[in-house]
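Q: Test case, fold it:
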Amino acid sequence: VNTSIEIVPTIALFTPSSDSATNQIRMLRITNHLEEPLMLFDPVSSSPVFETQLRTNRQGREYELQVALKRPFVLTNTFATISLKTSSTKIPELTIPARLLVYAAMSVIPDRITLPAAAPASDSKFTVTVRSLGTNVLALSEATINAEGARVDIREVQPGRMFQLALTFPAGFR
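A: Numbers count the residues shown, from 1 in each chain. So this is what the prediction gives:
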């Protein structure tokens, strides 16, 4: 592993939910471990979604790369690279990945349940997970199911964020 030029973290990663416009900024520290001083030149992103700014902390040795999402926010998954030309003949360019991974504010997994075609001899049990990654906390209560003999129970796994619904269909249910 060549650590002549160290980049920490190694990626500019943004993971907002679909209902939030994030003001987050990712700071990446670039440290030169080569014997000779290293000059870095203006970063260039392969996607207009990412804005970059380079700061010098210690001339020739330590830099800080700031990566932000460009306004107005485009909340779609985006994969890009940020390139920086260097003064080194050994490493003439640095390439840093940038990722925007947008999660649904709320998800239900699985999104449907398939019951067996033949009436089962014993109770059929299914678990459905409801998860909130949005800006608001989630509250579930008084779950009901309109299938005769079936029942549903709610269990809060992570307060305000994740719930499990335990569905039970009786033996012989069709």
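
Q: Neighbouring strands of the helix or strand of the chain with the lowest mean pLDDT in the sheet, and parallel or not?
A: Evaluated with mean pLDDT, DSSP states H and E, the helix-and-strand set of the chain has its lowest mean pLDDT in strand 106-109, which scores a mean of 92. Looking at strand 106-109 with DSSP bridges, its partner strands are strand 124-132 (antiparallel).

Q: following the partner strand, which helix or strand shows up next?
A: Downstream of strand 124-132, the next assigned helix or strand under DSSP states H and E is strand 151-158.

Q: got the contact list for the helix or strand following that next one?
A: Next helix or strand after strand 151-158 toward the C-terminus (DSSP H and E): strand 162-169. Counting by CB atoms under 8 Å, 6 or more residues apart in numbering, strand 162-169 makes contact with 113, 115, 120, 123-132, 138, 140, 143, 145, 147, 149-157, all of which sit outside it. C-betas here are computed from N, CA, C, even on glycine.

Q: Can you tell me which of those residues are buried?
A: The neighbour-count test (16 or more other CB atoms under 10 Å) applied to those identifies 124, 128, 130-132, 138, 150 as buried.

Q: pLDDT and distance to Gln24 for those residues - can I get that in a markdown table?
A: Below are the buried ones among the contacts of strand 162-169 laid out as a markdown table (pLDDT from 0 to 100; distance: CB to CB, whole Å):
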| residue | pLDDT | distance to Gln24 |
| --- | --- | --- |
| Ser124 | 92 | 44 |
| Val128 | 96 | 31 |
| Val130 | 95 | 26 |
| Arg131 | 92 | 21 |
| Ser132 | 90 | 19 |
| Leu138 | 90 | 22 |
| Ala150 | 94 | 43 |
